[in-house]
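S.K.: A predicted structure for the sequence below; I have some questions about it.
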Amino acid sequence: MLEIRDLHVRYGGIQAVQGVSLSIARGSIVTLIGANGAGKSSIIRSIAGLNKTISGEIFFTRHDGEEPVSLRGLKPEDMVRKGISLSPEGRRILPHLSVEENLYLGAYSRKDKDEIAADLEWVYSLFPRLKERSWQKGGTLSGGEQQMLAVGRALMSRPDLLMLDEPSLGLAPLLVREIFEIIKRINAEGKTVLLVEQNAFAALSVAHYAYILEVGRVVLEGPGRELLENPKVKEAYLGG
Ligand SMILES: Nc1ncnc2c1ncn2[C@@H]1O[C@H](COP(=O)(O)OP(=O)(O)OP(=O)(O)O)[C@@H](O)[C@H]1O
Ligand SMILES: [Mg+2]
């Protein structure tokens, strides 16, 4: 569904991503694991059209059997129309708008009113807590609830590829488990998921395929379950 070839991302003098190639199969959960500063967000932001100083190619095929299209040079709003959506690091919800208004913002590029209403109900079924709090201002939600809202808002554009940048960041263990269960459910209901995580154990447990990044390069890749058993991964990312 998505293929990245030899991606480089630069910020001034800093080479944040140095020749990364990866692919995401339709219907799968793929995860990027790595330490702080490894380049995970830079990759995900490049796919979303948020990084300008990139080289390399990003190809996307929305439906099976279509010719891959290059995403180079497209704007973030084009990506949303193509079926790619991002729940960014650090939540970034609008604090003065209600939960429901925040969710509708995720659907801003759509005109299909009935389907938007159906998707809103779907998001509320995934996150009943958001439904209970639909009129509450986003900024007054707890951290975990804001994280749910960010994921829900990303779903409201009805993406084929949902990208989540550290959805479990700062959550209590119980809520971490809940958010990973919801990610599995979203995937089971037909969405392809690209997941960036610091919580390597949880991410590898749900991922069909994983890439381990170190200072802007892929150093290891394989099925999530296999990497969980890999001694190097255990040592460096799973606390031995
Ligand atoms: N806008 C920017 N300007 C300058 N340098 C940046 C910018 N964004 C990222 N970087 C640098 O690029 C490198 C990779 O950053 P990136 O955010 O991709 O890492 P990450 O793997 O997502 O880390 P984290 O786990 O901390 O979120 C880091 O060294 C970071 O300081
Ligand atoms: Mg990051």
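M.R.: Looks like it came in fine. Just so you know, these numbers come straight off a predicted model, no measurement behind them. Ligands and ions are numbered 1, 2, ... in the order given.

S.K.: Buried residues, the one helix or strand in the chain whose mean pLDDT sits lowest. List them.
M.R.: Ranking every helix and strand in the chain by mean pLDDT, DSSP states H and E puts helix 76-82 at the bottom, with a mean of 87. The neighbour-count check on helix 76-82 (16 or more other CB atoms under 10 Å) flags 79, 80, 82 as buried. Quick note: C-beta positions are derived from backbone N, CA and C, even for glycine.

S.K.: Compute the distance between the last one and residue 96, please.
M.R.: This points to residue 82. 30 Å (CB to CB, to the nearest Å).

S.K.: Secondary structure class of the residue of the chain found nearest ligand 2, three-state.
M.R.: Closest contact between the chain and ligand 2, by CB to the ion, is at residue 41 (3.1 Å). What DSSP: H, G, I helix; E, B strand; the rest coil gives for residue 41 is helix.

S.K.: was I right about it contacting residue 197?
M.R.: No: using CB atoms under 8 Å, residue 41 is not in contact with residue 197; the gap is 11.4 Å.

S.K.: which one's the longest helix in this structure?
M.R.: helix 173-188 (DSSP state H).

S.K.: Show residues contacting stretch 127-139.
M.R.: 93-100, 102-103, 123-124, 141, 145-146, 148-149, 151-152, 182 (CB atoms under 8 Å, 6 or more residues apart in numbering).

S.K.: Restricting to C-alpha, output that stretch in CSV.
M.R.: This file holds the C-alpha atoms of stretch 127-139, laid out as CSV (Å, rounded to 0.1, in the frame of the first residue of the first chain):
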residue,chain,number,x,y,z
PHE,A,127,-14.2,5.4,22.5
PRO,A,128,-17.4,5.5,24.7
ARG,A,129,-15.7,8.0,27.0
LEU,A,130,-15.6,10.5,24.2
LYS,A,131,-19.3,10.1,23.6
GLU,A,132,-20.0,10.7,27.3
ARG,A,133,-17.9,13.9,27.1
SER,A,134,-19.0,15.1,23.6
TRP,A,135,-19.8,18.6,24.8
GLN,A,136,-16.8,19.0,27.1
LYS,A,137,-14.0,21.4,25.9
GLY,A,138,-11.0,19.5,24.5
GLY,A,139,-8.6,21.3,26.8
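
S.K.: Now it: buried residues?
M.R.: Neighbour-count burial for stretch 127-139 flags 127, 130, 133, 137, 138 (criterion: 16+ other CB under 10 Å).

S.K.: now, which of those residues lie within helices?
M.R.: Judged by DSSP H, the subset of the buried residues of stretch 127-139 located in helices is residue 130.

S.K.: can you pull out the strands in the protein?
M.R.: 2-11, 14-24, 29-34, 54-60, 69-70, 84-87, 161-165, 192-197, 209-214, 217-222 (DSSP state E).

S.K.: Name the residues that touch the least confident helix or strand of the chain?
M.R.: 47-50, 60, 62, 69, 71, 74, 85-86, 109, 157, 159.
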